[in-house]
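In: Have a look at this prediction, sequence included:
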Amino acid sequence: MNITKEQIDELNAVVKVAITKDDYQDKVDTILKDYRKQANIPGFRKGQVPMGLIKKQYGKAVLVDEVNKLLQDNLNKYLTEEKLDVLGNPLPKQQDSFDWDADELAFEFELGLAPAFEVNVKTKKAITQYKIVADKKMIEEQVDRIQKQYGKIVSQSEVAKNFEVNGTFKNEEEGVEHKTTLELEKVKSKKAIDTLVGKKVGETVSLKTKGLFKEDYMLPAALGINKEQAEKLNIEVSFTIEEINEREPAELNQELFDKLFGKDAVKSEKELKERIKEDSEKQFEQQADQKLLNDITEKLIDDTKFELPSEFLQKWIQVSGENPISEDEAKEEYEKSEKGLRYQLIEGKIINDNDIQVQFDELKEFAKGFIKSQMAQYGHLDPKEEELENIAARVMGNQDEVKRMQEQLMSQKLLKLYKEKANLKVKEISYENFVKEVYG
């Protein structure tokens, strides 16, 4: 067997593979002999079928199968030995009137090669790294929510401001019929509040949907409809009152603190607010980190210029799926995936240049940390090491889970690198302003 490479340009090459009978004949003969031993053909005893008949029936199929195995094994070996960084898979070139009976079989494969490029993590223009802080207003709101959540529900005879009203929204034309709890403090419309105040159980009022709530996301949940339907809704709905309650806020005492954080972990209102601030900012850090990772990714894609073997990749996309697609469909698919492919190459280059690796022990500790946090959500705050080890072993036995955790851990390592080496400007901001600035 002889394998050679013809370089077309920096991004494209053709590999030529020449196979002679000496490369496959012994293997083909062995398989055909096994076929002969097992063959059941009318008119012949088992194992006594003439080899000529076996070759006539199975010879070509066995030959093609063995040659394809040889091609796959040796082509992959060649690409590895030559350290060729290919994109997609080698594409066999179409050969008309191919003669499988020839003494030498010649095959050609098109290759799309990964481009050579450099990545500068320290971009010229600084990227904003958000530091989200829990401000006084947010902490006070959280304390209020805790007091309401753990407070008493007291039934009332008529609606007053800041009460909770259970009832059913209806509008036949729009298909609305949904039971919900209406918290008056979250209602924006003054007219709606005035309409509800003073009403009793069993009474029905008419409310306008437009501008009903302080936050737009509340309307679809309240009416039991989807977001798209709610966005364009401007109708009147009936609301039948079924229950009226007032929440008496819980006292900020040791009993409440112990219920929230465990015995004596928090001992005063001041410590409660400090704990809320600390926990909130830990959660915000995850959101800020994801934003930073997204922004750096976009910036690196924009700043790192290189060509791709686009024509080859479109041809590969056209034939690589379960069902072949048209040229136009392949082009459209390539255009959709090009940005992702560019970042894969950029990320791979950064990982290689900085020798970033995910070790097995790191992955195992990462799994245990994830398991511990999941258990904490269900009140299991202090699991034994043996318990964590056993669960982690089961998780590590699932390849899909391992792959997912590897990706998460690699993202953490890349983020750490970016924080050390990228051109960043820190911006301290409240969560409310972060949401406005980032998500509009």
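Out: The structure has been received and is ready for your questions.
In: drop to CA atoms for contacts and neighbour counts, all remaining ones
Out: OK.
In: mind checking the longest strand of this protein?
Out: Assignment by DSSP state E gives strand 236-248 as the longest strand of the chain.
In: Can you name the residues in contact with it?
Out: 148, 151-159, 162-171, 200-209 (C-alpha atoms under 8 Å, 6 or more residues apart in numbering).
In: If we use 6 Å, what do you get?
Out: Strand 236-248 has contacts (C-alpha atoms under 6 Å, 6 or more residues apart in numbering) with 151-156, 163-171, 201-208.
In: Identify those among these that sit within strands.
Out: 152-155, 164-171, 204-208.
In: rewinding a little: drop anything exposed from the contacts of strand 236-248.
Out: Buried by 16 or more other C-alpha atoms under 10 Å: 151, 156, 163-170, 201, 204-205, 207, out of the contacts of strand 236-248.
In: any idea which of these is closest to Pro115?
Out: Ranked by distance to Pro115 (C-alpha to C-alpha), the buried ones among the contacts of strand 236-248 are led by Phe169 at 60.3 Å.
In: Quick check: closest non-adjacent residue to that closest one.
Out: Nearest residue to Phe169, sequence neighbours excluded (C-alpha to C-alpha, 6 or more residues apart in numbering): Phe239, at 4.6 Å.
In: what's the weakest-modelled helix or strand in this protein?
Out: One helix or strand of the chain scores below all others by mean pLDDT, DSSP states H and E: helix 360-377, with a mean of 86.
In: Return it as PDB; C-alpha atoms alone will do.
Out: Taking Å, rounded to 0.1, in the frame of the first residue of the first chain, the C-alpha atoms of helix 360-377 are listed here in PDB:
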ATOM      1  CA  PHE A 360      -9.500  12.700  36.200                       C
ATOM      2  CA  ASP A 361      -9.100  13.700  39.800                       C
ATOM      3  CA  GLU A 362     -10.300  17.300  39.100                       C
ATOM      4  CA  LEU A 363     -13.300  15.900  37.200                       C
ATOM      5  CA  LYS A 364     -14.200  13.700  40.200                       C
ATOM      6  CA  GLU A 365     -13.900  16.500  42.700                       C
ATOM      7  CA  PHE A 366     -16.000  18.700  40.400                       C
ATOM      8  CA  ALA A 367     -18.700  15.900  40.300                       C
ATOM      9  CA  LYS A 368     -18.600  15.700  44.100                       C
ATOM     10  CA  GLY A 369     -19.000  19.400  44.400                       C
ATOM     11  CA  PHE A 370     -22.000  19.400  42.000                       C
ATOM     12  CA  ILE A 371     -23.600  16.400  43.900                       C
ATOM     13  CA  LYS A 372     -23.100  18.200  47.200                       C
ATOM     14  CA  SER A 373     -24.800  21.400  46.000                       C
ATOM     15  CA  GLN A 374     -27.700  19.300  44.600                       C
ATOM     16  CA  MET A 375     -28.100  17.500  48.000                       C
ATOM     17  CA  ALA A 376     -28.100  20.800  49.800                       C
ATOM     18  CA  GLN A 377     -31.100  22.000  47.800                       C
END
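In: residues of it that come out buried?
Out: Buried, per 16+ other C-alpha under 10 Å, within helix 360-377: Leu363, Lys364, Phe366, Ala367, Lys368, Ile371, Lys372.
In: contacting residues around the fourth one?
Out: What it means is Ala367. Residues near Ala367 by C-alpha under 6 Å, 6+ apart: Ala392.
In: ok, 8 Å please
Out: Applying C-alpha under 8 Å, 6+ apart to Ala367 gives the contacts Ala392, Val395, Met396, Met405.
In: Which helix runs longest in the chain?
Out: Under DSSP state H, the helix in the chain containing the largest number of residues is helix 269-303.
In: Which strands or helices does that helix pack on?
Out: Using 3 or more C-alpha pairs under 8 Å, 6 or more residues apart in numbering; DSSP states H and E, the elements in contact with helix 269-303 are strand 127-133, helix 136-149, helix 327-353.
In: what is the rounded mean pLDDT of it?
Out: What helix 269-303 shows for mean pLDDT is 94.
In: just how off-centre is it within its chain?
Out: Helix 269-303 sits 19 Å away from the centroid of its parent chain (C-alpha atoms, centre = their mean, to the nearest Å).
In: do stretch 408-427 as well
Out: Relative to its chain's centre, stretch 408-427 lies at 19 Å (C-alpha atoms, centre = their mean).
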